[in-house]
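Asks: have a look at this fold, sequence not included:
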């Protein structure tokens, strides 16, 4: 006869895996926010940097799938 109960070791392992995933996602979100803040501050601190044609040298990319700085050609 097949037993349908889950033993306490299995529950403990599942709980640890769920908790680990929650912590991992939280840490990733915190890191992303910190990096976004740092990049924003760096760009703000250097907004006066211009090339010979008076274009800004640093702008944040507006593409959601990219996180890069580039020379602006407005």
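Replies: Looks like it arrived, so ask away. Everything quoted here is computed from the prediction, not taken from an experiment. Numbering: from 1, shown residues only.
Asks: elements contacting the helix or strand where residue 11 lies?
Replies: Following DSSP states H and E, one finds residue 11 within helix 8-45. In this structure, helix 8-45 makes packing contacts with strand 59-60, judged by 3 or more C-beta pairs under 8 Å, 6 or more residues apart in numbering; DSSP states H and E. Backbone N, C-alpha and C define where each C-beta goes, glycine included.
Asks: for the strand it packs on, which helices and strands make contact with it?
Replies: Packed against strand 59-60, as judged by 3+ C-beta pairs under 8 Å, 6+ apart, are the following elements: helix 8-45, strand 69-70.
Asks: deepest in the core, which of the ones you listed is it.
Replies: The highest average neighbour count among those, using mean count of other C-beta atoms under 10 Å, belongs to strand 69-70 at a mean of 12.
Asks: shaky segments in this structure?
Replies: Residues of the chain that meet the criterion pLDDT under 70 lie in 1-6, 61-74.
Asks: measure the most centrally placed residue in it to residue 47 for me?
Replies: Taking C-alpha atoms, centre = their mean, the centroid of the chain lies closest to residue 32, which sits 2.5 Å from it. Going from residue 32 to residue 47 by C-beta to C-beta, to the nearest Å gives 23 Å.
Asks: make JSON lines out of the helices and strands packed on strand 59-60 and add distance to residue 53.
Replies: As requested, the helices and strands packed on strand 59-60 are arranged in JSON lines below (distance: least, C-beta to C-beta, whole Å):
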{"stretch": "helix 8-45", "distance to residue 53": "19"}
{"stretch": "strand 69-70", "distance to residue 53": "15"}
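Asks: figure out which of these is closest to residue 51.
Replies: Residue 51 lies closest to strand 69-70 among these, at 12.3 Å (C-beta to C-beta).
Asks: what's the closest of the helices and strands packed on strand 59-60 to residue 55?
Replies: Checking the helices and strands packed on strand 59-60 against residue 55 by C-beta to C-beta gives strand 69-70 as the closest, at 11.0 Å.
Asks: my guess is residue 57 contacts residue 46. True?
Replies: Yes. The criterion here is C-beta atoms under 8 Å, and residue 57 meets it with residue 46 at 7.4 Å.
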